[in-house]
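*Asks:* Structure, please.
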Amino acid sequence: MKFALSLIALVLVALIAPFLIPGVGKQEGVDASLDLPWQIELDAQGNSRVFGIQPGISTLAQVRERFGGDVEVAIIATPDEVGTLEAYYNQVALGFVLAKLIVTVDASPEVITAMRERALKAVYMESSTRKIRLHPDDLAAANALPVRALSVIPSVNLDEGVVRQRFGEPGERLEFSDQRVHLLYPAKGLDVILDKDGKELLQYIAPRNFAQLSEPLKAELLSARAGK
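*Replies:* Predicted coordinates:
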């Protein structure tokens, strides 16, 4: 029993240590001191740079140059919406942190609708959400479009203490339930979602566009509280 408890403790340390101790969890060929999730560069124009990418400025082609061409690009949509154009990486190295990366491409509803009409195939994901694969011509066109936001799902679980240690005190804390909390960092263009029932999610957007992310969240929270 003591051995089992010790083994569990060692596994937990191995998972959490990279977020707490600099230099732990290094990967071969990766500079562990660069491109970490909390390393966000800002400028006077309300832009940011994270992982070498500038949300709102960098194109999907530049993202693919940075993280590689092995990426799945598709329109993700429920039956009652046009959908969003997204690129998905199953695993990327962010310094010494491994994570899934979802890139939201800044495509207008008209562009997405036209792409859907030319799409080759659609498959169902969870529930009624569909993943619509692009025509090769549209895939090439998507590479020239700018990135609206980056969403990162780290391979280890984060708690609020670790987030505050790495990112600082949030500008706002939105508590939707005992399970789901949003820590908003408007000056950094960052929303950290803490979920006790699932994986944590870090969403990056240009700080000048932060209202596009925060206002729907606040409206959702007000609606939820009004319905109680």
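
*Asks:* Tell me the first helix or strand C-terminal of the helix or strand harbouring Arg66.
*Replies:* Using DSSP states H and E, Arg66 sits in helix 60-67. For helix 60-67, the succeeding helix or strand toward the C-terminus, using DSSP H and E, is strand 72-77.

*Asks:* ok now stretch 162-174, how far from the chain's centre?
*Replies:* Chain-centre distance of stretch 162-174: 16 Å, with Cα atoms, centre = their mean, to the nearest Å.

*Asks:* quick one: buried residues of it?
*Replies:* Of the residues in stretch 162-174, 162-163, 167, 170, 174 count as buried by neighbour count, 16 or more other Cβ atoms under 10 Å. Bear in mind the C-beta positions are built from the backbone N, C-alpha and C, glycine included.

*Asks:* max-length strand in this structure?
*Replies:* Looking across the chain with DSSP state E, the single longest strand is strand 84-94.

*Asks:* Identify the residues contacting it?
*Replies:* 27, 30, 35-37, 51, 60, 63-64, 67-68, 70-77, 98-105, 107, 111-112, 115, 142, 145, 152 (Cβ atoms under 8 Å, 6 or more residues apart in numbering).

*Asks:* filter the residues you listed to the buried ones?
*Replies:* Buried among those by 16+ other Cβ under 10 Å: 30, 35-37, 51, 60, 63-64, 67, 71, 73-77, 98-105, 107, 111-112, 115, 142, 145, 152.

*Asks:* low-scoring stretches of the protein, by residue?
*Replies:* 1-32, 228 (pLDDT under 70).

*Asks:* Run through who's touching stretch 188-203.
*Replies:* For stretch 188-203, the surrounding residues in contact (Cβ under 8 Å, 6+ apart) are 37, 40, 42, 48, 55, 149-154, 157-160, 163, 167, 170, 178-185, 204-207, 209-210, 213-214, 217.

*Asks:* Equivalent analysis for stretch 171-179, please.
*Replies:* Contacts of stretch 171-179 (Cβ under 8 Å, 6+ apart): 181-187, 195-197, 214, 217-218, 220-221, 224.

*Asks:* which residues of this protein fall in helices?
*Replies:* Along the chain, the segments classed as helices by DSSP state H run 2-20, 60-67, 109-118, 136-142, 160-167, 210-226.

*Asks:* report the angle between the axes of the third one and strand 72-77?
*Replies:* Here helix 109-118 runs at an angle of 110 degrees relative to strand 72-77 (axes from the mean of the first three to the mean of the last three Cα atoms, to 10 degrees).

*Asks:* which helices and strands sit right next to helix 109-118?
*Replies:* strand 72-77, strand 84-94, helix 136-142 (3 or more Cβ pairs under 8 Å, 6 or more residues apart in numbering; DSSP states H and E).

*Asks:* And the contacts of the last one?
*Replies:* Under the contact criterion Cβ under 8 Å, 6+ apart, helix 136-142 has outside partners 60, 73, 85, 105, 107, 115, 118-119, 134.
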